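In: my questions are about this predicted structure, shown below with the sequence.
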Amino acid sequence: MTTQLGELVERFGGRLVGNPNIEILGIAPLTEAAATHITFLSNPKFREQALQSQAAAIILSVADEELMGAGCQGARIVTNNPYAYFARAAQFFSALQQIPVIPGIHPSASVDPTAHIADSATIGAHVTVEANAVIGEHAMIDAGCFIGRSACIGANTHLFANVTFHAQCEMGERGIIHSGAVIGSDGFGFANENGVWIKIPQTGRVMIADDVEIGANTSIDRGALADTVIENGVKLDNQIQIAHNCHIGAHTAMAGCVGVAGSAHIGKNCTFGGAAMVLGHLTIADNVHISSGSMVSRSISEAGHYTGFYPLAKNAEWEKSAAIVRNLASMREKIRALEKIVKTLTSPNIEKNNE
Amino acid sequence: MTTQLGELVERFGGRLVGNPNIEILGIAPLTEAAATHITFLSNPKFREQALQSQAAAIILSVADEELMGAGCQGARIVTNNPYAYFARAAQFFSALQQIPVIPGIHPSASVDPTAHIADSATIGAHVTVEANAVIGEHAMIDAGCFIGRSACIGANTHLFANVTFHAQCEMGERGIIHSGAVIGSDGFGFANENGVWIKIPQTGRVMIADDVEIGANTSIDRGALADTVIENGVKLDNQIQIAHNCHIGAHTAMAGCVGVAGSAHIGKNCTFGGAAMVLGHLTIADNVHISSGSMVSRSISEAGHYTGFYPLAKNAEWEKSAAIVRNLASMREKIRALEKIVKTLTSPNIEKNNE
Amino acid sequence: MTTQLGELVERFGGRLVGNPNIEILGIAPLTEAAATHITFLSNPKFREQALQSQAAAIILSVADEELMGAGCQGARIVTNNPYAYFARAAQFFSALQQIPVIPGIHPSASVDPTAHIADSATIGAHVTVEANAVIGEHAMIDAGCFIGRSACIGANTHLFANVTFHAQCEMGERGIIHSGAVIGSDGFGFANENGVWIKIPQTGRVMIADDVEIGANTSIDRGALADTVIENGVKLDNQIQIAHNCHIGAHTAMAGCVGVAGSAHIGKNCTFGGAAMVLGHLTIADNVHISSGSMVSRSISEAGHYTGFYPLAKNAEWEKSAAIVRNLASMREKIRALEKIVKTLTSPNIEKNNE
């Protein structure tokens, strides 16, 4: 099944330079695209590859069209944001190849009679849906998922196989949860009494807004008394831990293995590199960007890019630098001692000059 | 359903200042508590909030009662450990709202005829229990769990949905395992022969004592030849990795994303902040506290608080400091050179003074 | 069931010093082995224990046999690589105790009629196998696993309970995947348009070669356009995250909690300590060894051992060193200032000497 270039431009905008009747079969990277593919140029360092590309058409920026469009071998779609255009075009071609879903409840699923499953929803094999849960229109709950009592899954949301979504928690529309994710497990709350931990019941919920994606084996704990909140458009990668009572602002994205401790309040449009960690009860402003592997140990009130990881070195060199880091205080003392001596050395000199 | 203040004091102790007949509906934070709630003050920085609180009663310490009890608007329960008291009261109110569990085996569960399931236990939908496994009295095995051959789950222990508990492993009484946790997977053991890894069978077990809580998506590997051991009252948060042959002492608590490498022996009453890591074959004494994000690369024989993570900074500042950290050895050389020169500069001066 | 020492040597080679008719029941560590056990000595620091061991036989190196073989109480198997020999012997004894598997499809499994399941394969309870999936000879798919549409599991591969293996992905022969692992979840790919993330469909696969082992709760994302590739003999521990389009070279091993960001290309025979992290789009040469807790933030073209983590210290000492690390630039300035002054101090002196 092919699509004409003109139809893409009608759907997604942009200015077409070339023949609108060219038939496109799919999308491919610059170097692999053949005469039936569309490709894209979003990073200037691939301009040379774009000039060489065999693609039927290239999605590129206004600047790149002016600079080198004429040198390309195929047609061009000129747009302000070629990468976003690529994403939309890729979604379009991917949807064409999607195997149609047949709504309904698999006979092996265990659905409580009080649960409300929309007619257009799909419930897979070995799924469990407990009492009073609500599954929205066109939602897909794949094999082996667990939906707890009174939980709510919004319309057009897709839970991949083996997701656990606990009681009372809510997920908005057009969301995605990947396999192995656990939403609404108990927060980690204990009072210590004479060395023994006494459990504090976790009675809050996890409230997830619309257009949120949650990665494989990620866990989001329910709140202690209040709720854990994930705002619109948040994207969480795999293996992430969000502790109880956190609040993640809209359109914030976190890469794999990030951890956020309890009651952290994270702003909108932030990004967190892989394995970044945020301590509990901190407040992070909007538009803060944390590098991979960095530990956020204090609140951040100013937008910007923050980093904190030990630089990699050959082990022998690291051994040296680490030994010095351990003794930086003594190095500082040495410098202070030197400064003192040098001061006494220079003072008489000055006096001498003044003599 | 409400409870009289006097009944709470009868159950959990403490000295009541106020009317024992006040009816309490539940527990709430200081700022959200209404006239039907009890609340608590355990952190001195919230004293002002306590004075403003609308709660029917406040749980607080002897010192706070003396300092400000009379200024509070409601009754007080005076106790040595208000936070622990809060935990117990919260458990009490939470239990009142618990939906009663109906014991028995869900018809969709797959239970081997040789497994021994206590009559008061509950086995959820799509659970698998293999041969000779034992499930104790009042244990709850929620939907989708897997209990391997000859595994043992103690009385009153609760496995949330989609837990995997492998063959021969044992869990004590009153434990909790959260969804997605895997207990008894193979340890990571291989012998290298000419660049190829040869698997070492992992034939030990995981032995978990009483009152242990294990978080969502946490994994605990079985031992290689001997067992992996988790002592009484240990609390593990989500996304934790405990490798083969580790030994975790009683009442030690670990926050999310902690990793413990093989054969580490960790003492009692330790705490580990989120994403702390412990290398293999180390011994950690009792009462050791490791900060979040810290790598424990040597044994610790002395109780205390240990830390090791790179401090966060604006990225531009980190770039500078990281470049210097890489070259600390050259900085040390410069200081040594300066010390040498300064010494030669000062020595003649002293001689001159002696002249 | 016992095995004669001579049979072991016939199977696995090595030179036997002692009676080939000695009956061996199993394998045990040096200090725990009894007269029916075989044990091994691979680390020189345990020589004293070997001399004391009650084992019927010890597997040891040529050098150790010469040094101390005569002093041992039992027989010896002399070999170049005692640890690898131990691994093979342990596999042998472990297989003797394995409960025989009965091939076939559990009645509670949900297998699409178009899936191809080898007659000798075993499909456990509550397993889901989707359309056109292929399960090879003697493969074992334990309870609760999910095998997506057109996925392929090679002969003699074992998926432990509750593994999720997504559509179109492929796993070779003799592999092992531990519980909770997720293979083929979507990569984390989004285009940002005016602060909103637009999903890039992830249409690549995960292609896993032969003899690969994947740990509990580990996740491997499918590629965006191309595939994620895991070569022969790779061993991944628990809680690992492999992002989309990564390429992991043959016989590379990664310990628990490692994270590898998108499109990283890692060589053969590398090792990664626990919680090591690799940034995206990097290239790591063959035979690179990364210490635990180290962040790899640039490509590595030279084999060797690399490290980068902040050394642990008592918290009070860390507070001091961390404060200085934050201000290393000012320390460098002080040294430069000192060098300048000292230079002016020494220059006239030299001139004076020349006078």
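Out: On my side now, so go ahead.

In: rest of the way, CA atoms for contacts and neighbours
Out: Noted.

In: now the helix or strand bottoming out on mean pLDDT in chain A: buried residues?
Out: Here the helix or strand of chain A ranked lowest by mean pLDDT, DSSP states H and E is helix A:328-354, holding a mean of 78. Neighbour-count burial for helix A:328-354 flags A:L328, A:A329, A:M331, A:R332, A:K334, A:I335, A:L338, A:E339, A:I341, A:V342, A:L345, A:T346 (criterion: 16 or more other C-alpha atoms under 10 Å in any protein chain shown).

In: for stretch A:124-142, same thing?
Out: Buried residues in stretch A:124-142, counted by 16+ other C-alpha under 10 Å: A:124-142.

In: which of the buried residues of helix A:328-354 sits closest to C:E65?
Out: A:L328 (48.3 Å; C-alpha to C-alpha).

In: separation between the closest one and chain B?
Out: Relative to chain B, A:L328 is positioned 9 Å away (C-alpha to the nearest C-alpha, to the nearest Å).

In: pull out the CA atoms of stretch A:101-118 and give them to me as PDB.
Out: The C-alpha trace of stretch A:101-118 is given here as PDB (Å, rounded to 0.1, in the frame of the first residue of the first chain):
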ATOM      1  CA  VAL A 101      -7.700  -5.000  16.500                       C
ATOM      2  CA  ILE A 102     -10.900  -6.900  17.100                       C
ATOM      3  CA  PRO A 103     -12.700  -5.400  20.200                       C
ATOM      4  CA  GLY A 104     -14.000  -7.600  22.900                       C
ATOM      5  CA  ILE A 105     -13.000  -9.600  25.900                       C
ATOM      6  CA  HIS A 106     -10.800 -12.700  25.500                       C
ATOM      7  CA  PRO A 107     -12.600 -15.800  26.900                       C
ATOM      8  CA  SER A 108      -9.700 -16.500  29.200                       C
ATOM      9  CA  ALA A 109      -9.800 -13.000  30.800                       C
ATOM     10  CA  SER A 110     -11.200 -12.700  34.300                       C
ATOM     11  CA  VAL A 111     -13.500  -9.600  34.400                       C
ATOM     12  CA  ASP A 112     -15.500  -8.700  37.500                       C
ATOM     13  CA  PRO A 113     -19.200  -8.300  36.600                       C
ATOM     14  CA  THR A 114     -19.200  -4.800  38.100                       C
ATOM     15  CA  ALA A 115     -16.400  -3.600  35.900                       C
ATOM     16  CA  HIS A 116     -17.400  -1.300  33.100                       C
ATOM     17  CA  ILE A 117     -15.600  -2.200  29.800                       C
ATOM     18  CA  ALA A 118     -16.400   0.000  26.800                       C
END
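
In: are it and chain B in contact anywhere?
Out: Yes. Against chain B, stretch A:101-118 shows contacts by C-alpha under 8 Å from any C-alpha of the partner chain at A:S110.

In: buried set for that stretch?
Out: A:P103, A:G104, A:I105, A:H106, A:S108, A:A109, A:S110, A:V111, A:A115, A:H116, A:I117, A:A118.

In: against C:V163, how distant is the fourth one?
Out: Distance, A:H106 to C:V163, using C-alpha to C-alpha, to the nearest Å: 20 Å.

In: please name the nearest non-neighbouring residue to A:A303.
Out: Of all residues not flanking A:A303 in the chain, A:V288 sits nearest, at 4.7 Å (C-alpha to C-alpha, 6 or more residues apart in numbering or on different chains).

In: and the helices in the stretch 51-200 of chain A?
Out: Assigned helices in the stretch 51-200 of chain A, in chain order: A:62-68, A:82-97 (criterion: DSSP state H, counting those that start in this stretch).

In: closest one to B:A35 among those helices?
Out: helix A:82-97 (53.0 Å).

In: within range of chain B, give me the residues from the stretch 251-355 of chain A.
Out: Counting by C-alpha under 8 Å from any C-alpha, the stretch 251-355 of chain A sits next to chain B at A:259, A:261, A:277, A:279, A:294-297, A:304-311, A:313, A:318, A:320-321, A:324-325, A:331, A:334-335, A:338, A:341-342, A:345.

In: Serialize the buried residues of stretch A:101-118 to a markdown table and add fields for distance to B:G204 and pLDDT.
Out: Converted to a markdown table, the buried residues of stretch A:101-118 look like this (distance: C-alpha to C-alpha, whole Å; pLDDT from 0 to 100):
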| residue | distance to B:G204 | pLDDT |
| --- | --- | --- |
| A:P103 | 46 | 97 |
| A:G104 | 44 | 98 |
| A:I105 | 42 | 98 |
| A:H106 | 39 | 98 |
| A:S108 | 36 | 98 |
| A:A109 | 36 | 98 |
| A:S110 | 36 | 98 |
| A:V111 | 38 | 98 |
| A:A115 | 43 | 98 |
| A:H116 | 46 | 98 |
| A:I117 | 45 | 98 |
| A:A118 | 48 | 98 |
